[in-house]
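Give me a 3D structure for the following:
(chains A and B)
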2 protein chains.
Amino acid sequence: MARFEVRLSGSGGQGMILSGVILAEAVGIQEGKQVCQTQSYGPEARGGASRSDVVISEEEIDYPKGRHLDVLLALNQESHDKYVGDLKPEGLLVIDSEAVRQYQFPNTVAVPVTRIATDDVGLRLTTNIVALGVICGLTRVCRPESLEKAILARVPKGTQEVNRKAFQLGLDAADASAPP
Amino acid sequence: MARFEVRLSGSGGQGMILSGVILAEAVGIQEGKQVCQTQSYGPEARGGASRSDVVISEEEIDYPKGRHLDVLLALNQESHDKYVGDLKPEGLLVIDSEAVRQYQFPNTVAVPVTRIATDDVGLRLTTNIVALGVICGLTRVCRPESLEKAILARVPKGTQEVNRKAFQLGLDAADASAPP
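Here you go, the predicted model:
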């Protein structure tokens, strides 16, 4: 894995920055790899698409913004439309199956991320943690144990159990999806 | 201001990532400028120094990591020692006066950031928000109103008032410091 780029995108309130920070801490602190985590704001960031990039590398990362994504998570249609062009042809697109209706990227996994958070976890706020479970299960970008540790270190006190459940349900949903 | 680089550094628990995100949102969302906010992890990030970079530009930001800092906040000695070499010669060093004892950078402002949070605000957790007030007051990297809005949008519900106070006390401390 010379360089591996993940972009987490969705609407402003879906916690994409926190999930980017958590993923970076799982890879960087728990697993000791080189990782850069970036948010960008500006004219290109207008509208309903919020994004967070995580770039992992074996060498020092000179250019920390995602350019050739290995994985794109898109939790809404606008994010999908805005960023799908940044995916490598052999990359993986992960979409919220109930929010992204129009897509044609060949290697796509559709998971009802928001519904799992709302109905199965019982807390819509955990959408970003369910999403981390899905991505971890589909890509093994890091070990599930590393990501769980990073999640539990970052989420508010008193919410550990619900977030642990959200992460596990995300992993389960990845297992249940057709392998990419 | 062609390019303006701020690095916020301290120990792991001092909330540097959140303050970087808030500063970026003040500049990018409230003021509509181009801004990139980055965390890096890796061998160079080992130890007791946690950092968050905010790069502001009038043009698209190609290289989002800080290289030639205009402002460095260092809340502990290790952060100071690690990053002071990245400051431009004409840059500004802001230190916690009770935590950083050894420094020789010419343009330095020393403020008891942690003590203000602990004693005057009454909540040590607001250290990073006091720090944002200090930096805003010293540099006018963004308007105080923009930064206050960004703070109130990010901090947990129920903590708005204490964080507003922390920000104001940081601004006041900047006003009371010798101008850089």
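
Return the residues of chain A in contact with chain B.
A:17, A:21, A:24-25, A:27-29, A:33-45, A:60-65, A:156 (CB under 8 Å from any CB of the partner chain). C-beta here means a position set from N, CA and C on the backbone, and glycine is covered the same way.

what about burial for those residues, which qualify?
A:17, A:21, A:24-25, A:27-29, A:33-42, A:45, A:61, A:64-65 (16 or more other CB atoms under 10 Å in any protein chain shown).

Look through chain A and tell me its longest helix.
Longest helix in chain A, counting residues (DSSP state H): helix A:160-176.

Just the CA trace of the biggest strand by length in chain A, in CSV.
When chain A is parsed with DSSP state E, its longest strand is strand A:87-96. Extracted C-alpha coordinates of strand A:87-96, given in CSV (Å, rounded to 0.1, in the frame of the first residue of the first chain):
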residue,chain,number,x,y,z
LEU,A,87,-12.3,8.0,-7.7
LYS,A,88,-9.7,5.8,-9.4
PRO,A,89,-11.3,3.6,-12.0
GLU,A,90,-10.5,0.6,-9.8
GLY,A,91,-11.6,2.3,-6.6
LEU,A,92,-14.6,1.5,-4.4
LEU,A,93,-17.7,3.6,-4.1
VAL,A,94,-19.8,3.2,-0.9
ILE,A,95,-23.2,4.9,-0.9
ASP,A,96,-26.1,5.2,1.4
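
still on that earlier bit, mind listing what's buried along the longest helix of chain A?
A:162-174.

Three-state assignment for the closest residue in space to A:V94 that isn't next to it in sequence, please.
Counting by CB to CB, 6 or more residues apart in numbering or on different chains, the nearest residue to A:V94 once its immediate chain neighbours are dropped is A:L73, at 4.8 Å. What DSSP: H, G, I helix; E, B strand; the rest coil gives for A:L73 is strand.

and A:L73, how many residues sit next to it?
Close neighbours of A:L73, defined as other CB atoms under 10 Å in any protein chain shown, add up to 31.

all strands for chain A, in order.
A:3-10, A:34-41, A:50-57, A:69-74, A:87-96, A:108-111.

any weak-confidence spans in chain A?
Counting by pLDDT under 70, chain A has low-confidence residues at A:1, A:43-47, A:178-180.

picking that back up, out of the buried residues of helix A:160-176, the closest to B:E90 would be?
A:N163 (45.1 Å; CB to CB).

residue contacts, the closest one?
Counting by CB atoms under 8 Å, 6 or more residues apart in numbering or on different chains, A:N163 touches A:T126, A:I129, A:I151, A:L152, A:V155.

distance of the second one from chain B?
For A:I129, the distance to chain B under the criterion CB to the nearest CB, to the nearest Å works out to 17 Å.

For that residue, give me its contacts.
A:S19, A:A117, A:I151, A:V155, A:N163, A:A166, A:F167, A:G170.

closest to chain B among those?
Nearest to chain B among those is A:V155, at 11.9 Å by CB to the nearest CB.

For B:E59, see how far away the spatially closest residue to that closest one that is not a sequence neighbour is.
Spatial nearest neighbour of A:V155, chain neighbours left out: A:N163 (4.6 Å); criterion: CB to CB, 6+ apart. Distance of A:N163 to B:E59, given as CB to CB, to the nearest Å: 39 Å.

Same check on A:G28?
Counting by CB to CB, the gap from A:G28 to B:E59 is 29 Å.

if we can go back for a sec, of the contacts of A:N163, grab the buried ones for PyMOL.
The buried residues among those can be selected in PyMOL (16+ other CB under 10 Å) with this line:
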select buried, chain A and resi 126+129+151+155
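
Widest-spaced pair of the contacts of A:N163?
A:T126 and A:L152 (12.9 Å).

Tell me who's in contact with A:E148.
Contacts of A:E148 (CB under 8 Å, 6+ apart): A:R164, A:F167.

run the last query once more with 10 Å
By CB atoms under 10 Å, 6 or more residues apart in numbering or on different chains, the residues touching A:E148 are A:A26, A:Q30, A:I129, A:L132, A:G133, A:C136, A:N163, A:R164, A:F167, A:Q168, A:L171.

what's the answer for A:Q77, then?
A:G48, A:A49, A:I95, A:D96, A:A99, A:V100, A:R101, A:Q102, A:Y103.

again with A:A117
A:A117 neighbours (CB under 10 Å, 6+ apart): A:14, A:96, A:123-131, A:162, A:166, A:169-170.

what's the nearest residue to it if we skip its chain neighbours?
Nearest to A:A117 is A:T127, by CB to CB, 6+ apart, at 4.2 Å.

For the one you found, the count of nearby residues, please.
Neighbours of A:T127 (other CB under 10 Å): 26.

right, and A:D86 touches A:V6 too?
No - if you go by CB atoms under 10 Å, A:D86 and A:V6 don't touch, sitting 11.4 Å apart.

That'll do, ta.
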